[in-house]
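*Asks:* Next one to model:
(one chain, ligands or ions: 1)
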Amino acid sequence: MLLTITYTGESTPDLGYLLYKNPNRCPQSFDLAFGRAHVFYPEVTDGRTTAALLLDIDPLDLAKGKGGSEGLFDFVNDRPYVSSSFMSVAIAKVFGTAMTGRADAHQGLSDSPLDLSAEIAMLPCNTNFAMLPRIFEPLGYAVSVDTSVLDESFPEWGESRYVNLSLRGSVRLRDLLRHIYVLLPVFDRHKHYWVGDDEVEKLLRLGGEWLENHPERKYIVDRYLYRQRGLVNEYFTRLNDGLEEPEEKPAREPSLNAKRLDAVLNALKASGARTVIDLGCGEGRLLSLLLKDGQFTKIAGTDVSQSSLKRASDRLRLETASESISERVTLFQGSLTYKDRRVTGYDAASVMEVIEHLDAARLGVFERVLFGYARPRVIVLTTPNRDYNAVYERLAADELRHGDHRFEWTRAEFLSWAEAVTAKYGYKLEISGVGEANGEYGFPTQMGVFELCE
Ligand code: SAH
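*Replies:* Purely as a prediction, here's the structure:
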């Protein structure tokens, strides 16, 4: 993936001083945790100088979890070819000083707006093209977006979700770099790193005034922080202007996630189950609630992601737990789409916000494994209600709530799926919702409780 920055004007090779990369000593290469970055200058004339940052990453290393990627990627992934959060990391590493604006003998140039343009190749933007000008124009750029159809022989496949983006404006170099640094991950929904507290810090530092006054600030902050309500709130609180956006709930209102945990826990308690397995347990939030409740004598959590399991184990403090606790809880890596003896023998299973991460083509296998093979007496399953997405202003039409969701079901779709599995595998069904209901669109989360027929 490639980023180029062009300076047009007089004595433009001075761009090299601001970037701390000599145009005559190229290419210069840098090791990154996930690959290598190369800087070179395809064009150096007095009136026009272009610096290029080329990122060379190995998709297999990412799939294996190298470089902080936590094994979040499939073996076949788009990462080497697109402008993603990896590019942001490379910008910080290679042009870190330029981003601060420090330029020693060339401070005057660094502090001045220059005629700069940037070309960002293959930006993933989920066909939400309309947002590109809304995000970049208020920052003073002329924006040009080059879209393409996926395959000219198959126009019905529609447009590619990647675009080539060109920006041109009179801006300080440090601002251009900061804009790109913050905004690439806003469009790239598939971040490779864990978004935590330090990202709030970065956003405050690098966002500064331009973000504070941006008309799409909420959109940018939400996405940069991957819609983690806690972090988004922290950003706004620290900005000192509180939560003025009407869609935000006061901090004391429990999050949808908390309500969902509560609803699933209550359904499990009501079922009388003593032994429970949480399938796709993620970081173990539900497990930690189950553990606090004496009704549950045997608790298991399983997930495909080793890093999630590690976080679950930390959350439950399993390493230092007493024997009575560690005897009650088991964590193991596994997939819901493989028949696995370890998921059998539990009274109940929970599957919270997991099925939408499975490829639709694998759902049949999942059903056979859970309803046909493991066959717990009770299954509590939740999934987003796609109808409700209309209530989320910030979601473009047809956009899903999370970059890794393979589908989200309307209420009708969920009902018809749930009725079909109930009939096929001999379960009874009760459907309900979690969160604050909207009169027209229903609850944000849909929940099904399946009970094995005697
Ligand atoms: N149940 C948790 C986590 C939901 S996120 C909660 O509600 O907080 C979805 C989880 O499903 C992730 O942790 C992901 O690693 C896991 N997952 C995705 N595909 C899976 C599969 N095929 N088998 C098991 N877990 C899977």
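*Asks:* and the closest residue to the ligand within the chain, how many neighbours?
*Replies:* In the chain, the residue that lies nearest the ligand is Gly282 (2.7 Å; Cβ to the nearest ligand atom). Every residue, glycine included, has its C-beta placed from N, CA and C. Per other Cβ atoms under 10 Å, the neighbour tally for Gly282 reads 18.
*Asks:* Quick check: nearest residue in space to it, chain neighbours excluded?
*Replies:* Among residues not flanking Gly282 along the chain, Ser308 sits closest, at 5.1 Å (Cβ to Cβ, 6 or more residues apart in numbering).
*Asks:* Tell me which residues touch the residue of the chain closest to the ligand, please.
*Replies:* By Cβ atoms under 8 Å, 6 or more residues apart in numbering, the contact list for Gly282 reads 303, 305, 308, 311-312.
*Asks:* Equivalent analysis for Thr302, please.
*Replies:* 277-281, 331-334, 342-343.
*Asks:* Flag every buried residue along the strand or helix carrying it.
*Replies:* Using DSSP states H and E, Thr302 sits in strand 298-303. Residues of strand 298-303 classed as buried: 298-303 (neighbour count, 16 or more other Cβ atoms under 10 Å).
*Asks:* Stretch 165-184 too?
*Replies:* Of all the residues in stretch 165-184, those buried under the rule 16+ other Cβ under 10 Å are 165-169, 171-184.
*Asks:* then that stretch to CSV, C-alphas only?
*Replies:* The C-alpha coordinates for stretch 165-184 follow below in CSV (Å, rounded to 0.1, in the frame of the first residue of the first chain):
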residue,chain,number,x,y,z
LEU,A,165,-8.5,9.2,-2.5
SER,A,166,-6.8,12.4,-3.5
LEU,A,167,-6.6,15.4,-1.2
ARG,A,168,-5.2,18.8,-2.1
GLY,A,169,-5.1,21.9,0.1
SER,A,170,-3.1,24.6,1.7
VAL,A,171,-2.2,23.1,5.0
ARG,A,172,0.8,22.6,7.3
LEU,A,173,2.5,19.3,6.7
ARG,A,174,2.0,18.2,10.3
ASP,A,175,-1.7,18.7,9.9
LEU,A,176,-1.9,16.7,6.7
LEU,A,177,-0.1,13.8,8.4
ARG,A,178,-2.3,14.0,11.5
HIS,A,179,-5.4,14.1,9.4
ILE,A,180,-4.4,11.0,7.5
TYR,A,181,-3.2,9.3,10.7
VAL,A,182,-6.5,9.7,12.5
LEU,A,183,-8.8,9.4,9.5
LEU,A,184,-7.5,6.2,7.8
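*Asks:* pLDDT averaged over it - what is it?
*Replies:* Regarding stretch 165-184, the rounded mean pLDDT is 94.
*Asks:* Once you drop chain neighbours, what's closest to Leu2?
*Replies:* Ala121 (4.7 Å).
*Asks:* on contacts alone, who are the packing partners of whichever strand or helix holds the one you found?
*Replies:* Using DSSP H and E, Ala121 sits in strand 114-124. If contacts are counted by 3 or more Cβ pairs under 8 Å, 6 or more residues apart in numbering; DSSP states H and E, strand 114-124 sits against strand 2-8, strand 162-171, helix 173-187.
*Asks:* Narrow the contacts of Thr302 to just the buried residues.
*Replies:* 277-281, 331, 334, 343.
*Asks:* Least confident of those?
*Replies:* Model confidence across those bottoms out at Gly334, which has 94.
*Asks:* So which of the contacts of Gly282 are in strands?
*Replies:* Of the contacts of Gly282, the ones assigned to strands by DSSP state E are Asp303.
*Asks:* Let me see the domain layout of this structure.
*Replies:* Domains of the chain are assigned by automatic domain parsing as 2-193, 256-452.
*Asks:* How about the secondary structure of Trp417?
*Replies:* The three-state assignment at Trp417 reads helix, by DSSP: H, G, I helix; E, B strand; the rest coil.
*Asks:* Not counting its neighbours along the chain, what's nearest it?
*Replies:* The shortest distance from Trp417 to any non-neighbouring residue, by Cβ to Cβ, 6+ apart, is to Trp409 (6.9 Å).
*Asks:* That neighbour is in contact with Thr382, isn't it?
*Replies:* No. Look at Trp409 against Thr382 with Cβ atoms under 8 Å: they stay out of range, at 11.3 Å.
*Asks:* Look at these two and report which has more neighbours.
*Replies:* Ranked by neighbour count (other Cβ under 10 Å), Trp409 and Thr382 place Thr382 first, with 25 against 19.
*Asks:* who's in contact with stretch 427-437?
*Replies:* Stretch 427-437 is contacted from outside by 256, 259-260, 263, 371, 379, 382, 385, 414-415, 418-419, 421-422, 442-453, using Cβ under 8 Å, 6+ apart.
*Asks:* anything in it near the ligand?
*Replies:* No. Stretch 427-437 stays clear of the ligand (Cβ under 6 Å from any ligand atom), getting no nearer than 11.2 Å.
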